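> Requesting a structural model of the entry that follows:
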Amino acid sequence: MADIFSNIFGGGGSQVIRQFTSTTQSGSFTAKVSGKLLILSAAPGGSGAACNTGNSFSVSTGGGAGELAIDVLNVNAGDTFTIMMGSRAAGLSIASGSVNGNNGGNSVVMGPNGYSLTTVGGGRGNAYSSTVIPSSTILGGTGGTGGTGGTPSVLRAAGGRGGNVSQSSGSNLNVATGGGGVNAILMTLQTTTTQGGDVTVTTAVSGGTGGGGAGGTGGFITGPVSTGTGGGGAGGNAVTNQSTPGRNAAGLITTSSPAFLFPGVASMGLDYFGGGTPGIVGGGTPTNSTSGGGSGGLYTQSNTTTSSGTVSLFGGSGGVWNGTGQSASISGSVDIGGGSGGSARLGGGSTNAVVGDGGSGLVVFVLIQNI
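Residues are numbered from 1 along each chain as shown. Down below sits the predicted model:
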């Protein structure tokens with residue numbers, strides 16, 4: 001498994017970090033010394049859809065994660081880089097009906113000699129509400145991809161998409177899918193690697209799928225089960241049709257991060273090596289994801305307000321289905337990069353279907369100098 005900074009931190013004892021800056025806001029960075037500058041840019045994630053109706057077929061898909069780009073270039077003392085951070089996707093709260101999510105904005109880093117690096121934000125989740133079975137796949141938000149600029153050696157990874165939903169037969173379909181995760185582990189450059197969990201069924205089903213992690217998908221639903229599947233982890237996918245989450249970067253089923261394996265990165269607050277959180281069935285207190293894992297999806301018939309849990313870094317939040325008309329259904333917000341999950345509930349009562357914000361963008365500068 002690759003550490004995204006291995007190409008710069010693997011240079012032995014002849015290098016030293018002179019500057020380190022990370023930001024989720026627009027602004028600027030000026031090099032204090034000449035050296036080699038690593039730039040990491042993760043665009044904002046999209047937000048999931050919301051559905052709050054009494055229809056037999058009610059679907060909300062998760063938002064996509066932002067694109068990730070990593071570039072390394074030589075700089076001189078006094079070189080200044082300007083950051084134009086894309087807007088994070090706003091969440092939703094609806095008392096009735098169905099509403100698509102919002103797109104994450106694009107981020108741009110500009111520097112001397114015409115340097116420019118653009119990363120593309122994650123797409124919105126989509127809602128479907130009807131009395132008839134959907135005739136085509138209901139797509140999750142697209143993962144950000146297609147950014148431009150950078151040096152010839154720039155490395156890019158498309159954001160994980162939100163989970164898709166398809167059904168070939170059945171009397172009802174009541175599901176919400178997880179948002180995509182940022183592909184920070186870079187094991188592949190495929191959008192499917194860190195996607196929210198899909199729902200692909202041939203019969204009636206209810207449930208919520210997990211959000212994607214930094215290195216694995218949220219759990220899929222493929223059978224006639226009513227469940228919440230786990231969130232993906234930095235070290236792998238969550239389990240299909242079960243609440244078991246994806247593993248951390250050390251291969252363990254835990255949200256804890258094996259930061260000791262990547263001390264250079266973790267010491268800077270870029271700890272995205274944890275596992276996902278479990279799915280939830282029947283209500284209960286959600287587990288928040290703190291380091292690279294997606295949060296689990298949720299399925300409940302409880303009259304208690306339910307949430308899939310928040311996500312801090314690079315994971316997507318889980319989708320939430322609440323089959324009662326007496327309590328709110330809330331997909332967790334995402335701090336950085338990932339897409340938020342969809343939220344769906346049985347219409348009625350006076351409570352809302354609520355979707356958390358998609359993740360903010362992130363830009364990191366690491367200035368290295370030879371000694």
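> Quick check: closest non-adjacent residue to S22.
V364 (4.5 Å; Cβ to Cβ, 6 or more residues apart in numbering). (C-beta placed from N, C-alpha, C; glycine too.)
> what about the helices in this protein?
Secondary structure of the chain, counting by DSSP state H: helices at 6-9, 263-266.
> rank these by mean pLDDT and give me the bottom one.
Out of the helices of the chain, helix 6-9 stands lowest, with a mean of 50 (criterion: mean pLDDT).
> returning to that earlier point: quick one: contacts for the residue nearest to S22?
20-22, 38-41, 268, 270 (Cβ atoms under 8 Å, 6 or more residues apart in numbering).
> Mind doing that once more with 7 Å?
By Cβ atoms under 7 Å, 6 or more residues apart in numbering, V364 lies in contact with 22, 40, 270.
> Kindly report the same for L362.
Per Cβ under 7 Å, 6+ apart, neighbours of L362: 22, 24, 42, 336-337.
> repeat that with 8 Å
Contacts of L362 by Cβ under 8 Å, 6+ apart are 22-24, 40-42, 336-337.
> Narrow those residues to those that are buried.
Neighbour counting with 16 or more other Cβ atoms under 10 Å marks 23-24, 40-42, 336-337 as buried within those.
> What is the nearest of those to G316?
Closest approach between the buried ones among the contacts of L362 and G316, by Cβ to Cβ: G337, at 8.9 Å.
> Please tell me how far the closest one sits from G219.
To G219, G337 is 20 Å away according to Cβ to Cβ, to the nearest Å.
> Now tabulate the buried ones among the contacts of L362 in TSV and tack on pLDDT and distance to Q167.
TSV is the format used below for the buried ones among the contacts of L362 (pLDDT from 0 to 100; distance: Cβ to Cβ, whole Å):
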residue	pLDDT	distance to Q167
T23	96	43
T24	96	38
L40	95	39
S41	97	37
A42	97	33
I336	96	33
G337	95	30
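> Can you check the pLDDT for Q190?
51.
> err, G170, not the other one
So G170 comes in at 85 (pLDDT).
> And the one 10 residues further on, by the same measure?
Among the per-residue scores, G180 holds a pLDDT of 98.
> who are the neighbours in contact with G235?
Neighbours of G235 in contact, by Cβ under 8 Å, 6+ apart: 1, 215-216, 246-252, 273, 275.
> Which members of those residues are classed as buried?
For the contacts of G235, buried by 16+ other Cβ under 10 Å: 215-216, 246-250, 273, 275.
> need the contact list for A328.
305-306, 322, 345, 351-354.
> What is the nearest of these to A259?
For the contacts of A328, the nearest to A259 is T306 (31.0 Å; Cβ to Cβ).
> so that closest one touches S331, yeah?
No. T306 is beyond contact range of S331, at 9.8 Å (criterion: Cβ atoms under 8 Å).
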